[in-house]
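**Student:** Let me see the structure of the following:
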Amino acid sequence: MSKKNKKPEFLVETDILLDHLTFSGKGLSKLEIAMMNGLCFTTVLNASELLYAAKNEEERQVVISMLSAVKVLGLHSRYSLSVYEFSNKVKSLRDAIFCVVAKLNKLPILTDDNEKFVNSGIKIINIKDLRG
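**Tutor:** This is a model prediction of the structure:
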C-alpha cells in the first residue's frame, strides 16, 4: 500500500477511551468515529488507568473488550531518555511519557482536550475534527 493510501494513525488519549466506555447516546462514540477514520493506538499506561479504575469484574471485562479493538503499545525503557523533553511542556510525568510514545512512534495525539498537550510540539488532533 502506498503512503498516499495509508490509513491515518492516532495515539488515542484516555478521554476518548473513557467516553466510549460511558457512551450511552445515539450514533457513534468518539472512539468508534476515530476507528472509522484510521488506526487507533493507545499505551499500556492508558490501558492500565482504565483497568485500575474498573470497579468490578464486569467493568474490567468491558475495558478488556474495548482494548482488544485498539493496538496497545508497550513502554520501552529507552522512552525514559526522552521524558526530559516534555518536563516543562506538560503537567505530569504520565503526560510526558504519553508524548514520548507519540513522538517516537510518529503518531499524532487524538484527544478531546487540546490544551493538555498544546505546548508539547506533538501534532494534536481533536476528535471534533474527525466528525467532518
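
**Student:** Report the mean confidence score over the strand or helix carrying residue 49.
**Tutor:** According to DSSP states H and E, residue 49 maps onto helix 44-53. If you average the pLDDT over helix 44-53, you get 96.

**Student:** tell me what that helix is packed against?
**Tutor:** helix 14-22, helix 57-67, strand 71-73, helix 93-104 (3 or more C-beta pairs under 8 Å, 6 or more residues apart in numbering; DSSP states H and E). Where C-beta positions appear, they are placed from N, C-alpha and C, glycine not excepted.

**Student:** Am I right that residue 63 is in contact with residue 55?
**Tutor:** No. Judged on C-beta atoms under 8 Å, residue 63 makes no contact with residue 55 at a distance of 10.7 Å.

**Student:** Would you mind telling me which of those two has the busier surroundings?
**Tutor:** Per other C-beta atoms under 10 Å, whichever of residue 63 and residue 55 has more neighbours is residue 63, with 21 against 7.

**Student:** What sits closest to that one if chain neighbours are left out?
**Tutor:** Counting by C-beta to C-beta, 6 or more residues apart in numbering, the nearest residue to residue 63 once its immediate chain neighbours are dropped is residue 50, at 4.8 Å.

**Student:** gap between that neighbour and residue 31?
**Tutor:** 12 Å (C-beta to C-beta, to the nearest Å).

**Student:** cool, residue 110 as well?
**Tutor:** 9 Å.

**Student:** Now for these two: what residues contact both?
**Tutor:** Common neighbours of residue 110 and residue 31 (criterion: C-beta atoms under 8 Å, 6 or more residues apart in numbering): 12, 16, 40.
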